[in-house]
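**Q** task: produce atomic coordinates for the following.
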Amino acid sequence: MRLSLRARPEIADSRGVCAVLGVALLDAVLGEEVRLPALLSVGPVLASARAAPRAVIGTGVIAAVVGALAALNDDALGTRRAASGLITIALVTAFSAVAARRRTRQESRLAATSRVADAAQLAIAPSLPTAEGPVRLAASYESADAGARIGGDFCEVVPVRDGVRVLMGDVQGKGLGAAALSNALLGSFRDNAPTEAHLENVGLRMSCSMLRRPDEERFVTMTLAQLTDSGELTVLNYGHPSPLITLADGTGRWADPHRPGLPLGLAALADCEPGYYRCTLHAGDRVLFHTDGLTESRDEQNRFYPLDARAGLLRDADPATCLNRLRDDVRAHAAGAGGVDDSALLLVEYQGQPAARDRPATSTRTPMPTRALPLRHTPEQLGCHVCAVADCPLRHALDSGPAGEDGAQDPEQPRRSDTATGDGPGPAAQCGRVGRRSGPR
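**A** Residues are numbered from 1 along each chain as shown. As a prediction, the model looks like this:
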């Protein structure tokens, strides 16, 4: 025998029945001079706001029975006043049942739409794992659109051989247009980050993906990063707020590039190479990737959120707890100020170089190559000869770039950003100590 766990439908709405009984009690207290038979119809009206049509009709029946019993008690059941009261209850019950049916249909459609929207948002921005390769991580996202889990800000982490690659970006503007572009860039990153040998080429592929959208007149700031099993952190900055590095000893440092790069979509204005930063992390060091929705949160005195002064919130707990504490602190800072922007946070903790026995089989092969910037595909390798984008500024930038095999700089030539990449001074000099900033980058 099958045991059904489905709840039985309500015969009447409890709130509506209580209203009917309350009116009946008031009618009895007021005496024979004041009678309120028509007022009993308030029961089905209240029931229609939350109950199913069947429960509304049941509440109306109870209201009619109570009205009939009150009239019978007064020997007035056959009078015109009693009849008009019962007719009023019946009509109100009928209209309330119709209203309840329309409400339940709308609620069903809304629930179905919400399920589809949740599934679509989960497909676009799935939950990140708590651990990937050599890192522990946690992500947090708040959209400017209430109830949305996707928007103009986006982040992603993909595993690669001997490490992970990280994306944090911010599309100009808000709403569905920004969400559509962020989805396209996420798709490009997920396709290319696991297979491109060099990190800058991932950015080139993403720039191509954006330029192939002729309807878009937006720009995108973003940060691409790679963290290897050995702790080597490489950051390419495309006009985005610099990540904040919090070391195991509690001090904080900004991952500022020696020279800032331009956002995607502005390649026609100037040199489109990204800013470059490199340093070495040690076990327990953490990196906070974020968008300007965090640092541009303002209080009632119009002061920006002082992220550097709050770096201690990112220590002494697991990454998810730290992000929750940071979110609470930002809300307290911006309470009463109004104005909400998309905000994405990603906290990555380097756990140290894994033992050889703990590594996957693929990590025993030759590690990923590292080369000096600029590293880029030739236009032919990018598929420019078949691309439909006419007068592409990225194609012009590649054609005028430095010569070398496959369009790359000669590895023997010194880099312009050696002082910030870790090829000169040690890691302590590579990561400048945090100073209080007057505002966001």
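
**Q** phi, psi for residue 74 please.
**A** Taking degrees, to the nearest 10, you get phi -90, psi 10 for the backbone angles of residue 74.

**Q** and for it, the neighbour number?
**A** Using other Cβ atoms under 10 Å, residue 74 has 14 neighbouring residues. Yep, even glycine has a C-beta here, placed from its N, CA and C like the rest.

**Q** with the one 10 residues further on instead?
**A** A count of nearby residues for residue 84, using other Cβ under 10 Å, gives 12.

**Q** looking at this, it is in a helix?
**A** Yes. Under DSSP: H, G, I helix; E, B strand; the rest coil, residue 84 sits within a helix.

**Q** would you map the helices across this protein?
**A** Secondary structure of the chain (DSSP state H): helices located at 14-30, 42-47, 53-73, 80-124, 175-192, 199-211, 292-295, 319-334, 379-382, 393-399, 418-421, 427-430.

**Q** low-confidence ranges, the protein, go.
**A** Residue ranges of the chain with pLDDT under 70: 1-9, 31-35, 124-125, 144-150, 214-216, 267-272, 336-341, 355-441.

**Q** show me where the stretch 201-350 of the chain has strands.
**A** Shown for the stretch 201-350 of the chain, the strands assigned by DSSP state E, counting those that start in this stretch span residues 220-228, 232-238, 244-246, 252-254, 275-280, 286-290, 343-350.

**Q** what residues sit buried inside the fourth one?
**A** Along strand 252-254, these residues count as buried under the neighbour rule (16 or more other Cβ atoms under 10 Å): 252, 253, 254.

**Q** just put those residues in a markdown table and tack on distance to residue 246.
**A** Shown next, in a markdown table, are the buried residues of strand 252-254 (distance: Cβ to Cβ, whole Å):
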| residue | distance to residue 246 |
| --- | --- |
| 252 | 5 |
| 253 | 8 |
| 254 | 11 |
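
**Q** how many neighbours does residue 312 have?
**A** If you count neighbours by other Cβ under 10 Å, residue 312 ends up with 12.

**Q** okay but it is in contact with residue 250, surely?
**A** Yes. Counting by Cβ atoms under 8 Å, residue 312 touches residue 250, with 6.8 Å between them.

**Q** so the closest residue to residue 293 other than its chain neighbours versus residue 294, what's the distance?
**A** Distances taken as Cβ to Cβ, 6 or more residues apart in numbering place residue 343 nearest to residue 293, at 3.1 Å, with adjacent residues excluded. Distance, residue 343 to residue 294, using Cβ to Cβ, to the nearest Å: 5 Å.

**Q** now the common contact residues for the two.
**A** Residues touching both residue 343 and residue 294 (Cβ atoms under 8 Å, 6 or more residues apart in numbering) are residue 330.

**Q** tabulate the strands of the stretch 201-350 of the chain (CSV), appending distance to residue 122.
**A** Formatted as CSV, the strands of the stretch 201-350 of the chain follow (distance: least, Cβ to Cβ, whole Å):
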stretch, distance to residue 122
strand 220-228, 22
strand 232-238, 27
strand 244-246, 29
strand 252-254, 33
strand 275-280, 33
strand 286-290, 21
strand 343-350, 16
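
**Q** so which of those strands comes closest to residue 92?
**A** strand 343-350 (48.9 Å; Cβ to Cβ).

**Q** so which elements touch that closest one?
**A** Other elements packing on strand 343-350 under the criterion 3 or more Cβ pairs under 8 Å, 6 or more residues apart in numbering; DSSP states H and E are strand 135-142, strand 153-160, strand 163-171, strand 286-290, helix 292-295, helix 319-334.

**Q** would you format the ones you listed as JSON lines with mean neighbour count and distance to residue 86 included?
**A** What follows is those, written out as JSON lines (neighbours: other Cβ atoms under 10 Å; distance: least, Cβ to Cβ, whole Å):
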{"stretch": "strand 135-142", "mean neighbour count": "20", "distance to residue 86": "55"}
{"stretch": "strand 153-160", "mean neighbour count": "22", "distance to residue 86": "61"}
{"stretch": "strand 163-171", "mean neighbour count": "25", "distance to residue 86": "63"}
{"stretch": "strand 286-290", "mean neighbour count": "25", "distance to residue 86": "66"}
{"stretch": "helix 292-295", "mean neighbour count": "22", "distance to residue 86": "60"}
{"stretch": "helix 319-334", "mean neighbour count": "17", "distance to residue 86": "55"}
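
**Q** columns distance to residue 73 on top of the ones you listed, output as a markdown table?
**A** As requested, the helices and strands packed on strand 343-350 are arranged in a markdown table below (distance: least, Cβ to Cβ, whole Å):
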| stretch | distance to residue 73 |
| --- | --- |
| strand 135-142 | 61 |
| strand 153-160 | 68 |
| strand 163-171 | 71 |
| strand 286-290 | 72 |
| helix 292-295 | 67 |
| helix 319-334 | 59 |
